[in-house]
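Engineer: only geometry, no sequence info:
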């Protein structure tokens, strides 16, 4: 049996992050959702991305019968049992969301907005259920579910491992049983409080002197924490992330820098981003009202159902020193933000500047910077990734209203 995770039309609601990677490769908690399903099933799980991303995120060779899992769905006991019980050539649906498919045909190759109709037309048996589980459906879910995901992932991550000892005599730990330390971690005079949530520290993480970490956290391989950082809970920092200043309930997915002072709250930062010194986000409106976010699927601002939401920033975007973001700001891919005043609450991909008017961050310059940034971490920008960034540049041109059409 081959296990696959797939995307449905909701990937549009998760842009700008799904411009560059599938839903199931978005990081929240300790793992991406594809990695999480691998841990739960104890089997390899491969991904089938939307056509826009398929060449970058290589599609698996399909042969024989497969169980397809909706890549936005968080594992729970109900779904795990359903995977074990699903009959051949059938699919499980809750409302309009397809949760599981078991089939020997490549049904997803022609899937559009109505995958359920396609499955029925292919002769599969429809199983309708009432499922109330969690899924990454909207941008704020990535930080809203983060504490729960860290707790879930923590047990998966440490089940067959032993925590390394903390040898620094000046590091104080509360809630030691909720702390897992991997090999190669360096600590110097840190204060760690895991009494109110588990803290997972991956291999070779380095903590600067005086950093304070409280409540649930996940630190990926080779992450670096600046001296004096105040990390106050329910946040995840992916591999090679640099983090400092004050952070609360946020996700920085990987290879991005927020090394300096400044506040980041209820926010999600993609890959290869850089936040300049004293970049600050607002995560609560002054009237305590509901936050709205730009939605690529509808082309307008949509309510989040929450009072708290900060910054959503796509891959390769950057800010200069002293940048300020309003509550509920969405920044696209490869935007370069600088200048006085607040940027707009929706900053299109490949924007250059801050407060209106803006200019276009021309593709050759953006690619040159991306190559340089990756090279600093021993990575190269593959040709197919350049093609993807070019496609994003073209697709998002309509949002850059200042361009001559």
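Structural biologist: In hand now; what should we look at? Please read all numbers here as calculations on a predicted model, not as lab measurements.
Engineer: Tell me the gap between the top strand by length along the chain and the middle of its chain.
Structural biologist: Longest strand in the chain, counting residues (DSSP state E): strand 97-103. How far strand 97-103 lies from its chain's middle: 23 Å, per Cα atoms, centre = their mean, to the nearest Å.
Engineer: Same check on stretch 232-251?
Structural biologist: From the chain centre to the centre of stretch 232-251 is a distance of 12 Å (Cα atoms, centre = their mean).
Engineer: Need the pLDDT of the closest residue in space to residue 400 that isn't next to it in sequence.
Structural biologist: With sequence-adjacent residues excluded and distances taken as Cβ to Cβ, 6 or more residues apart in numbering, residue 400 is closest to residue 348, at 5.0 Å. Where you see a C-beta, it was placed from the backbone N, CA and C, and this is true even at glycine. Looking at residue 348, its pLDDT is 94.
Engineer: Contacts only, for residue 348.
Structural biologist: Residues in contact with residue 348 (Cβ atoms under 8 Å, 6 or more residues apart in numbering) are 332, 335, 396, 399, 400.
Engineer: ok, back up a step: tell me what the longest strand of the chain is packed against?
Structural biologist: With contacts taken as 3 or more Cβ pairs under 8 Å, 6 or more residues apart in numbering; DSSP states H and E, strand 97-103 sits against strand 66-70, helix 77-85, strand 90-94, helix 115-121.
Engineer: Looking at these, spot the one closest to residue 238.
Structural biologist: strand 66-70 (22.1 Å; Cβ to Cβ).
Engineer: Just give me how far the closest one sits from the chain centre.
Structural biologist: Relative to its parent chain, strand 66-70 has a centroid offset of 21 Å by Cα atoms, centre = their mean.
Engineer: repeat for stretch 136-149
Structural biologist: On the basis of Cα atoms, centre = their mean, stretch 136-149 sits 9 Å off its chain's mean C-alpha point.
Engineer: Can you list the neighbours in contact with stretch 315-322?
Structural biologist: Stretch 315-322 has contacts (Cβ under 8 Å, 6+ apart) with 16-17, 19-21, 270-279, 331-339, 347, 366, 369-370, 373, 389.
Engineer: Let me fix that, I meant to ask about stretch 283-292.
Structural biologist: 248, 265-267, 301-310, 327-328.
Engineer: coming back round to it: just name the closest of the contacts of residue 348 to residue 222, please.
Structural biologist: residue 335 (25.9 Å).
Engineer: coming back round to it: select only the buried ones of the contacts of stretch 315-322 in ChimeraX?
Structural biologist: Applying 16 or more other Cβ atoms under 10 Å to the contacts of stretch 315-322, the buried members can be selected in ChimeraX as follows:
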select :16,17,19,20,21,270,271,272,273,274,275,276,277,278,279,331,332,333,334,335,336,337,338,347,366,369,370,373,389
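Engineer: Restricted to helices, list the contacts of stretch 315-322.
Structural biologist: 366, 369, 370, 373, 389 (DSSP state H).
Engineer: now for those, which pair is the farthest apart?
Structural biologist: Once Cβ to Cβ is applied, the ones in helices among the contacts of stretch 315-322 give 373 and 389 as the farthest pair, at 12.5 Å.
Engineer: Could you break the chain into its assigned domains?
Structural biologist: The chain breaks down into these domains under automatic domain parsing: 2-128, 141-344.
Engineer: what about those domains, which gets the closest to residue 382?
Structural biologist: Of the domains of the chain, nearest to residue 382 by Cβ to Cβ is domain 2-128, at 7.9 Å.
Engineer: residue ranges with poor pLDDT in the stretch 151-300 of the chain?
Structural biologist: Applying pLDDT under 70 to the stretch 151-300 of the chain flags no residue at all.
Engineer: at 90 instead, please
Structural biologist: Confidence mapping of the stretch 151-300 of the chain against pLDDT under 90 gives the ranges 160, 233, 284-286, 288.
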